[in-house]
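Asks: Generate coordinates for the sequence data below:
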Amino acid sequence: MLEVDSLTISKDASIEERKAEFLHLIREGYSVTYASKSVDRSRATPYLWAEADPEFAKAWADAKESGGDWFEDKLRKGADEGVPSLIVVGLKMRNRFIERQLVQIGRDDLMDRLMELAPGLTPEEIEATIGEAMKLLPAPRGG
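Replies: Next comes the predicted model:
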């Protein structure tokens with residue numbers, strides 16, 4: 001069971017204060033479970049907040065992105081220092097990101113996005129890059 005040393009917010013804090021602290025913790029890279037317990041709410045509560053409040057939902061998405069950036073920065077620093085386990089984790093995360101992109105937006109849309117991001121590359125070079133990335137992905141499960 002997850003242990004939270006202490007609440008990061010007082011017991012009588014308002015919902016808005018709890019939301020703000022939750023978002024702060026997510027931006028710092030903490031899990032939804034930890035951040036929820038830290039503001040004295042269940043893990044389901046932020047999902048309810050997001051469903052009822054589009055502004056909170058957007059802020060949460062932005063906070064998750066920032067939290068992910070924090071981890072990527074730490075991972076990159078460790079990999080640059082030659083920590084083998086961090087290099088492996090980084091490669092696995094990169095492969096999952098590529099796989100999610102292919103599933104979410106499709107290969108043609110990914111080609112278009114990559115052409116925008118790397119205007120100096122030819123479509124053939126981008127296609128070759130996608131092909132190389134696909135080789136790094138785990139084989140599909142089942143049939």
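
Asks: Name the next helix or strand following the one helix or strand in the chain whose mean pLDDT sits lowest along the chain.
Replies: The weakest-scoring helix or strand in the chain, judged by mean pLDDT, DSSP states H and E, is helix 84-117 (a mean of 66). Next in sequence after helix 84-117, counting helices and strands by DSSP states H and E, comes helix 123-136.

Asks: name the helices or strands packed onto that next one?
Replies: Applying 3 or more Cβ pairs under 8 Å, 6 or more residues apart in numbering; DSSP states H and E, one finds that helix 123-136 makes contact with helix 84-117. Every residue, glycine included, has its C-beta placed from N, CA and C.

Asks: So K64 sits against I26, correct?
Replies: Yes - if you go by Cβ atoms under 8 Å, K64 and I26 touch, sitting 5.9 Å apart.

Asks: of the two, who's got more company?
Replies: Neighbour count, other Cβ atoms under 10 Å: between K64 and I26, I26 has more, with 25 against 15.

Asks: Run through the residues that contact the more buried one.
Replies: Listed by Cβ atoms under 8 Å, 6 or more residues apart in numbering, the contact partners of I26 are V32, A35, W60, A63, K64, S66, G67.

Asks: Name the nearest residue to it, ignoring sequence neighbours.
Replies: In space, and not counting its chain neighbours, I26 is closest to A63: 4.0 Å by Cβ to Cβ, 6 or more residues apart in numbering.

Asks: which SSE is that neighbour in?
Replies: Counting by DSSP H and E, A63 is found in helix 54-80.

Asks: Buried ones in that helix, by neighbour count?
Replies: Going by neighbour count (16 or more other Cβ atoms under 10 Å), the buried part of helix 54-80 is F56, A59, W60, A63, G67, L75, G78, A79.

Asks: Please name every helix or strand in contact with it.
Replies: Helix 54-80 packs on helix 15-27, helix 45-52, helix 84-117, going by 3+ Cβ pairs under 8 Å, 6+ apart.
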